[in-house]
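S.K.: Here is a sequence together with a model predicted from it:
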Amino acid sequence: MRARAIELFNNGFNCSQCLLEAAKEKYGIKITPYIMKMCEGISMGFGSGCVCCCLVAGIMILGAMFDEDRVVRLRLLLLSEIRTRHGCLDCIKIRNKPDSEFPCENVIGDVADIIDGMILERK
């Protein structure tokens, strides 16, 4: 899912849309054009650099794949792993890290990999 999500991002999808579309293609999740339209505003930390919207999309994917109890547990693992890998959960801080050449692509790829692992491990 990583490569496809990054490809979609580099071809005009925003950070939440690229993950949802890649998950739709890989796992058959029912992501409608209306949902993709709704995600137009879910990017760049909701426009203010707040929480990385890749995480929002990742949690949405988990919600489509698992029951609520499992999603509650898995979302904490996702957030913890991204915080470990990137030092925070805030879009603006991740994007402005001086040591990262492609910060958005890196987070998109990491979220895709983590979600893939969770789905494969827990199916």
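M.R.: Alright, I've got the coordinates. Predicted model only: the values in this text are computed from it and were never measured. Residues are numbered from 1 along each chain as shown.

S.K.: State the mean pLDDT of stretch 77-92.
M.R.: Stretch 77-92 shows a mean pLDDT of 94 in the predicted model.

S.K.: Next, the buried residues of the helix or strand in which K26 is found.
M.R.: Using DSSP states H and E, K26 maps to helix 15-27. Within helix 15-27, the residues that count as buried by 16 or more other C-beta atoms under 10 Å are C15, S16, Q17, C18, L19, L20, E21, A22, A23, K24, K26, Y27. Yep, even glycine has a C-beta here, placed from its N, CA and C like the rest.

S.K.: And stretch 59-68, by the same measure?
M.R.: Buried-residue list, stretch 59-68, by 16+ other C-beta under 10 Å: I59, M60, I61, L62, G63, A64, M65, F66.

S.K.: And stretch 63-83, by the same measure?
M.R.: Those would be G63, A64, M65, F66, V71, L74, R75, L78, L79, E81, I82, for stretch 63-83 by 16+ other C-beta under 10 Å.

S.K.: give me every residue that touches the third one.
M.R.: Which is M65. Each residue near M65 by C-beta atoms under 8 Å, 6 or more residues apart in numbering is listed here: Y27, I29, I119.

S.K.: out of these, who's nearest H86?
M.R.: Closest approach to H86 among the contacts of M65 (C-beta to C-beta): I119, at 21.2 Å.

S.K.: what packs against the helix or strand harbouring the closest one?
M.R.: For I119, the host element (DSSP H and E) is helix 103-122. On a contact count with 3 or more C-beta pairs under 8 Å, 6 or more residues apart in numbering; DSSP states H and E, helix 103-122 meets helix 2-10, helix 15-27, helix 53-65, helix 68-86, helix 91-95.

S.K.: mind checking which of those is nearest M38?
M.R.: Here helix 15-27 is closest among the helices and strands packed on helix 103-122 (C-beta to C-beta), at 9.5 Å.
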